[in-house]
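>>> here is my input; please provide its structure:
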Amino acid sequence: MSLKNVRLEVMKYLEKDVDSLIEKYLIPIDNIWQPTDFLPNSEGEKFMEEVKEIRELSKELPYDFWVVLVGDMITEEALPTYESWLMDVEGVDQVGRNSWGKWVRHWTAEENRHGDVLNKYLYLSGRVNMKEIEKTTQHLIADGFDIGTDQDPYKNFLYTSFQELATYISHNRVAKLAKDKGNKQLSKMCKVISGDEMRHHHAYCEFVERIFKVDPNQMMMAFQHMMKLKITMPAHFLRESGGKIGTAFEEFSNTAQRIGVYTSTDYVEILEKLLKRWEIDKITNLSDEAEKARDYLMKLPSRLIRLSERMKIPENSYQFKWVEPAV
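Numbering: from 1, shown residues only. Next up, the predicted model:
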């Protein structure tokens with residue numbers, strides 16, 4: 001049986017539990033928070049006062065903070081790309097509307113709120129160039145991406161397990177920075193977004209755990225493949241108007257590292273947490289090839305730490321079109 005057919009069989013086998021996993025990890029629409037819970041009430045008499053408060057508090061936040069917040073928002077707003085990518089994964093049936101397709105739709109619906117609330121907040125803040133941000137968002141969706149997972153569910157679930165934890169870290173750190181500057185509402189907003197990301201991380205981790213139980217050799221090989229490729233964040237494909245793919249991400253990444261929102265050390269720690277979560281060192285009855293893959297994975301964190309220690313982050317801020325220059 002081909003690898004593709006094996007994966008389809010595994011996905012079909014696991015599908016029987018997906019509805020219960022949706023109940024476990026996703027929150028009913030009538031119960032979950034919505035963007036309006038964190039934004040001025042446009043129907044209320046105090047709307048203008050509330051907007052003025054946002055604009056005043058925004059003045060206390062530094063340039064690099066806004067760059068990171070904008071980059072996070074644009075990444076969240078590119079959700080159509082992520083949904084269309086996952087809908088094409090082997091075992092996800094959009095036409096037949098199977099349970100895997102249901103997961104992707106419901107996960108997308110939850111994630112959609114993140115870009116929505118951040119977008120509106122940025123618009124009201126008066127601190128950013130919304131037209132340039134909108135151009136970058138449109139570029140990101142129009143350009144699409146290739147995260148190296150193909151249509152392989154094993155690789156895609158590895159990717160999302162890693163990426164969801166990375167976005168949790170980023171939003172959580174932004175929340176802390178906002179709180180330190182006295183912006184409690186923005187902090188609360190980013191904190192609740194990070195909570196969603198952590199739930200989704202646990203869901204995708206459980207998908208991987210279940211695959212390890214039924215197809216440990218190929219799951220281990222997929223894990224090695226993704227880590228050799230290196231997990232590419234969706235923001236890797238950012239570009240400003242008139243720019244090329246890659247430049248904006250490099251500077252965005254430098255900014256995030258400079259203010260401690262997401263660093264190379266975080267990347268290593270995420271890998272270590274996944275190795276521990278899936279108990280990679282304890283999996284038995286592996287093939288010789290899978291054993292070599294495991295050996296590679298177990299040694300990888302120390303190698304990455306040595307590499308991260310040699311990295312140097314520019315001290316000066318790059319001037320993005322998204323945000324007005326620091327005064």
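>>> who does the helix ranked longest in the chain touch, helix- and strand-wise?
Longest helix in the chain by number of residues, with DSSP state H as the criterion: helix 184-214. Contacts defined by 3 or more CB pairs under 8 Å, 6 or more residues apart in numbering; DSSP states H and E place helix 184-214 against helix 3-15, helix 18-25, helix 47-58, helix 99-125, helix 153-180, helix 216-229, helix 264-277. Where C-beta positions appear, they are placed from N, C-alpha and C, glycine not excepted.
>>> can I get the ones you listed in JSON lines including mean pLDDT?
What follows is those, written out as JSON lines (pLDDT from 0 to 100):
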{"stretch": "helix 3-15", "mean pLDDT": "93"}
{"stretch": "helix 18-25", "mean pLDDT": "98"}
{"stretch": "helix 47-58", "mean pLDDT": "97"}
{"stretch": "helix 99-125", "mean pLDDT": "97"}
{"stretch": "helix 153-180", "mean pLDDT": "97"}
{"stretch": "helix 216-229", "mean pLDDT": "97"}
{"stretch": "helix 264-277", "mean pLDDT": "97"}
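>>> which of the ones you listed sits closest to Glu240?
Closest to Glu240 of the helices and strands packed on helix 184-214 is helix 99-125 (CB to CB; 15.6 Å).
>>> buried residues, the closest one. List them.
99-104, 106-108, 110-122, 124-125 (16 or more other CB atoms under 10 Å).
>>> tilt between that helix and helix 18-25?
30 degrees (axes from the mean of the first three to the mean of the last three CA atoms, to 10 degrees).
>>> what sits against the nearest residue to Ile259 once chain neighbours are set aside?
Closest residue to Ile259 apart from its sequence neighbours, by CB to CB, 6 or more residues apart in numbering: Asp64 at 4.9 Å. With contacts defined as CB atoms under 8 Å, 6 or more residues apart in numbering, Asp64 is in contact with Thr255, Arg258, Ile259, Ser317.
>>> can we see that at 10 Å?
By CB atoms under 10 Å, 6 or more residues apart in numbering, the contact list for Asp64 reads Leu177, Asn254, Thr255, Ala256, Arg258, Ile259, Val261, Ser317, Tyr318, Val323, Ala326.
>>> following whatever helix or strand it lives in, which helix or strand shows up next?
Taking DSSP states H and E as the definition, Asp64 sits inside helix 63-77. Tracing the chain past helix 63-77, the next element assigned as helix or strand by DSSP H and E is helix 79-87.
>>> that next one to helix 99-125, inter-axis angle?
Computed by the same axes, to 10 degrees, the angle between helix 79-87 and helix 99-125 is 170 degrees.
>>> state the mean pLDDT of stretch 76-87.
Throughout stretch 76-87, pLDDT has a mean value of 93.
>>> burial count for the nearest residue to His171 once chain neighbours are set aside?
Distances taken as CB to CB, 6+ apart put Ser194 closest to His171, at 3.8 Å, once the chain neighbours are dropped. Using other CB atoms under 10 Å as the criterion, Ser194 is surrounded by 21 other residues.
>>> separation between Ser194 and Leu304?
Using CB to CB, to the nearest Å, Ser194 is found at 24 Å from Leu304.
>>> try Glu250
Distance from Glu250 to Leu304, counting by CB to CB: 19 Å.
>>> between these two, which is the more surrounded one?
Neighbour totals were compared for Glu250 and Leu304, and Leu304 leads with 19 against 13 (other CB under 10 Å).
>>> now do the contacts for the residue nearest to Val70 when sequence neighbours are not counted.
In space, Val70 comes closest to Trp322 once its chain neighbours are excluded; the distance is 4.6 Å by CB to CB, 6+ apart. Under the criterion of CB under 10 Å, 6+ apart, the contact partners of Trp322 comprise 66-67, 69-71, 73-74, 122, 127-136, 238, 240-241, 248, 252.
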